[in-house]
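**Student:** Curious how this folds, go ahead:
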Amino acid sequence: MTIGIGHDERTISRAGRLGVNRVELEADLLGELLAVDGRPHWPLLGRVLRNGPESDWVPGQLLACNIDHQVRRGEIIDVDARRVLAVPAGMEADSALQMPLRWPLLHAALCGGLRLQAGESLLVHQGDGELGLSAIRLAVSLDCSVMAVCADRAGIARALAAGAAETARYGDDWPTLLREHGAVDAVLDFSGGACLQASLPCAKRGARLGALDLCGARPPIAMAWPAFWQRQASLASLDWSPMRQWHIAEIAREAFMRIHDGEFNSGKD
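**Tutor:** Here you go, the predicted model:
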């Protein structure tokens with residue numbers, strides 16, 4: 001998966017010899033600077049020019065990765081072929097630029113923080129956003145059943161297309177509507193925990209509740225603690241560190257490739 005390109009990575013000449021597990025890209029689009037783990041990350045989309053001895057990306061294929069310095073469009077850069085993601089055909093550029101950091105984060109959230117197992121059920125908030133839709137696809141790939149809460153009917157259609165089994169709108173009495181379909185084993189919230197308290201009626205005994213950016217929530221999240229303790233629920237702050245948990249990116253990359261198999265750009269448009 002594409003994270004943390006080392007500080008020794010710089011633009012190279014095409015005449016240079018590529019190392020093992022390297023791939024040479026022509027920069028197509030550079031995203032905004034991100035500060036992750038105290039280090040700079042620039043999301044990058046680039047086209048494959050050539051491979052190292054143990055890299056097998058298709059020439060012309062569009063890949064997403066993160067680099068630690070700025071480059072210009074058309075510039076040639078050498079990156080770790082094991083830490084890039086193929087961009088599915090039809091994916092918007094903004095979404096593709098987010099994949100290198102977003103996908104490992106979701107994998108760490110579902111498989112690590114929420115400990116989601118095959119056969120369990122998950123309630124996803126903001127299920128019609130890019131993060132929510134990716135979370136739905138990942139959970140379904142893990143053989144889990146997904147309920148999603150969305151903003152409107154159009155969002156519901158997107159969540160269902162991604163694999164959600166049950167959906168509801170925030171404008172409706174979604175806790176009651178979803179509870180009718182059975183309680184869930186885990187809840188995933190992308191709004192700093194703002195939706196967790198309202199999700200308690202949908203949670204099973206022993207349910208795991210998790211949210212991104214929970215540590216930065218100010219003031220602390222509202223929670224009906226007596227009901228929370230009565231359900232013997234647990235609460236997790238979901239995060240992922242490219243520096244300390246780089247191995248998660250490798251695992252997440254394999255999951256991403258399985259989910260999007262057959263959807264990748266195979267050459268220049």
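**Student:** Could you list the low-pLDDT ranges of this structure?
**Tutor:** 1-16, 216-218, 262-269 (pLDDT under 70).
**Student:** Quick check: which element contains the residue most central in space within it?
**Tutor:** What sits nearest the mean C-alpha location of the chain, by Cα atoms, centre = their mean, is W103, with 2.6 Å. W103 belongs to helix 93-107 when assigned by DSSP states H and E.
**Student:** Which residues outside that helix are in contact with it?
**Tutor:** Contact partners of helix 93-107, identified using Cβ atoms under 8 Å, 6 or more residues apart in numbering, comprise 1-3, 29, 31, 34, 36, 41, 43-45, 62, 64-66, 83-85, 87, 130-131, 134-135, 138, 212, 238-240, 242, 245, 248-249, 251-253, 255-256. Any C-beta I mention is one placed from the backbone N, CA and C, and that applies to glycine too.
**Student:** Let me know whether G129 touches L188 as I believe.
**Tutor:** No: using Cβ atoms under 8 Å, G129 is not in contact with L188, being 11.8 Å away.
**Student:** of these two, who's got more company?
**Tutor:** Set G129 next to L188 and count neighbours by other Cβ atoms under 10 Å: L188 wins out with 34 against 17.
**Student:** Quick check: neighbours of the helix or strand that one falls within in the sheet, parallel or antiparallel?
**Tutor:** Using DSSP H and E, the secondary-structure element containing L188 is strand 184-189. Partners of strand 184-189 in the sheet, by DSSP bridges, are strand 121-124 (parallel), strand 203-212 (parallel).
**Student:** for those, which one ends up most surrounded?
**Tutor:** Neighbour counts (mean count of other Cβ atoms under 10 Å) averaged over each of the strands paired with strand 184-189 peak at strand 121-124, with a mean of 26.
**Student:** Centre of the chain to the strand holding L188, how far?
**Tutor:** 16 Å (Cα atoms, centre = their mean, to the nearest Å).
**Student:** now do stretch 65-85
**Tutor:** Centroid displacement of stretch 65-85 relative to its chain, using Cα atoms, centre = their mean, is 19 Å.
**Student:** then stretch 147-157 to PDB, C-alphas only?
**Tutor:** Extracted C-alpha coordinates of stretch 147-157, given in PDB (Å, rounded to 0.1, in the frame of the first residue of the first chain):
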ATOM      1  CA  MET A 147     -26.500  -1.200   7.900                       C
ATOM      2  CA  ALA A 148     -25.900   2.300   6.800                       C
ATOM      3  CA  VAL A 149     -27.300   5.700   7.700                       C
ATOM      4  CA  CYS A 150     -27.300   8.300   4.900                       C
ATOM      5  CA  ALA A 151     -28.200  11.900   4.200                       C
ATOM      6  CA  ASP A 152     -30.900  11.300   1.500                       C
ATOM      7  CA  ARG A 153     -32.500   8.900  -0.900                       C
ATOM      8  CA  ALA A 154     -29.600   9.400  -3.400                       C
ATOM      9  CA  GLY A 155     -27.200   8.500  -0.600                       C
ATOM     10  CA  ILE A 156     -29.200   5.400   0.200                       C
ATOM     11  CA  ALA A 157     -29.000   4.300  -3.400                       C
END
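**Student:** Give me the contact list for that stretch.
**Tutor:** Contacts of stretch 147-157 (Cβ under 8 Å, 6+ apart): 121-128, 132, 136, 158-159, 164-171, 174, 178, 181, 184, 195, 202.
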